[in-house]
Structures are given as structure tokens and as C-alpha cells.
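Trainee: Okay, here's the prediction I keep looking at, along with the sequence it came from:
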Amino acid sequence: ETGVTQTPRHLVMGMTNKKSLKCEQHLGHNAMYWYKQSAKKPLELMFVYNFKEQTENNSVPSRFSPECPNSSHLFLHLHTLQPEDSALYLCASSQAGSGYEQYFGPGTRLTVT
Amino acid sequence: QKEVEQDPGPLSVPEGAIVSLNCTYSNSAFQYFMWYRQYSRKGPELLMYTYSSGNKEDGRFTAQVDKSSKYISLFIRDSQPSDSATYLCAMSADAGNMLTFGGGTRLMVKP
């Protein structure tokens, strides 16, 4: 158990649906991250939040909308996704300023049909 | 050219072998070097991190960084079937939030 939980673990959605991914960290960290992991590609950083403020948006399409209500929770709101968005979405956390020590959740396996 | 290169494998070794996993990189600004292990259907798990050049040992695992060659390695001694996983290297230029990952090497340790 890494101390970072993600729900749901699996999600199948149509291209016109709206869904949200949830991440919660129990490590007392104050930085949280969303990553996308696709087959045969390196982990891609999507968003970074430090102390609830978004500090990085790695040119992510607007159909992905993050939300960080507090330092322990992170959401990724999804709408009008494309089949190429099917991937494993990973949440991670760290102490701000210690990004070299990130702890990951188990991920949400997303399939867009 | 990718910023971080990692042979995808798979690398298959017998139990008890010494395993060498490697990454090369092109950005000379990288100062922090991490190794993650990812089991199937799980998130990556941080194994160890190293700052700048040198070696770091933790049990059966040894991380080496050669900044002059832009080359990092992870050695696993007395490999076990439970070490079968994908190993990801990651790097950053500072202690902040931006990590650049390699694509991962899949390791299989056969009993």
C-alpha cells in the first residue's frame, strides 16, 4: 500500500460521457500530480499542483480538467474524450520541492469506446 | 532523439543472476536520478534515488550514475522471481516537480 489511492480502478466510457477520476493521498504531502501511461510510451506528466495551486499544465487538451480542492485530494474531470485517450492514468504525490521522491497510486485503467 | 533512452527488453535471466538495467540521457542539466519498479496492473514504486554522480546501495539494489557519460545503471544482485517487473528510470534537473521518465525495461527472472 503506497498511501495513494485512486478510484475507480477501471473505467469504460463513451466519447460523449462525462466522468471523473479521484485520487487521495494519506502521506501528508503537499504536491500532487496526474500522469498518463500509454502502451510503449514513457510516463507523460499532465498536471502538477503545489499547495493546491496548479503549477504545471503540460499542454494537455481541455477535455481533461483537473481539480485540487485540498492538498490530499485530486480529481481529473473527463469529457468528450477520444479513443486515443485510453490509457492508465496515474496519480502521484510528494512534498513540494522534493519532486524526485514521488509516490504513485495504482492508477485508473481508462478505456474510451 | 528522446531525452531519456531505455531498452524496453524483455530481459530474461535465471534466478540468482546479477541484473544490470541502464538508461542514457541527453540533458546535462539532470541532477536527480530515480529508479521505479512497476508490477503489472500497479503504479510505479520508488526504489531509490541518487543525487549527482556516484553509487548508492540499498540491500540487493545498487544505483550508479556516471554524469560524464550521461549513463545510469541499476544493479540487482541475487535476482528473485519477485523482481520480475518493469523498471523505469526517471530524472530531473532540480528538486522540483518535473520528472522525465524512460520508457521502462521489462525484467523476467525465471525460477
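Mentor: Everything's here; your move. All values reported here derive from a predicted model rather than from experimental measurement. Numbering: from 1, shown residues only, chains lettered A, B, ... in the order given.
Trainee: hmm, the worst-scoring helix or strand of chain A on mean pLDDT in reach of chain B?
Mentor: Ranking every helix and strand in chain A by mean pLDDT, DSSP states H and E puts strand A:53-57 at the bottom, with a mean of 82. Yes - part of strand A:53-57 sits near chain B under the criterion CB under 8 Å from any CB of the partner chain, namely A:55-56. (Each C-beta comes from the backbone N, C-alpha and C, glycine too.)
Trainee: okay, the next helix or strand after that strand in CSV with CA atoms only?
Mentor: The first helix or strand that comes after strand A:53-57 along the chain, using DSSP states H and E, is strand A:64-70. C-alpha atoms of strand A:64-70 as CSV (Å, rounded to 0.1, in the frame of the first residue of the first chain):
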residue,chain,number,x,y,z
PHE,A,64,-9.1,16.9,-19.3
SER,A,65,-9.8,19.3,-16.4
PRO,A,66,-8.0,18.9,-13.1
GLU,A,67,-9.3,20.0,-9.7
CYS,A,68,-7.4,20.1,-6.4
PRO,A,69,-9.7,21.1,-3.5
ASN,A,70,-7.1,20.5,-0.9
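Trainee: following strand A:64-70, which helix or strand comes up?
Mentor: Next along from strand A:64-70, by DSSP H and E: strand A:73-79.
Trainee: Just the buried residues of that next one, please?
Mentor: Neighbour-count burial for strand A:73-79 flags A:74-76, A:78 (criterion: 16 or more other CB atoms under 10 Å in any protein chain shown).
Trainee: Contacts for the helix or strand hosting B:Ala90, please.
Mentor: For B:Ala90, the host element (DSSP H and E) is strand B:85-92. With CB atoms under 8 Å, 6 or more residues apart in numbering or on different chains as the test, strand B:85-92 has contacts from A:42-43, A:99-100, B:4, B:6, B:21, B:23, B:25, B:27, B:30-40, B:44, B:47, B:72, B:74, B:98-107.
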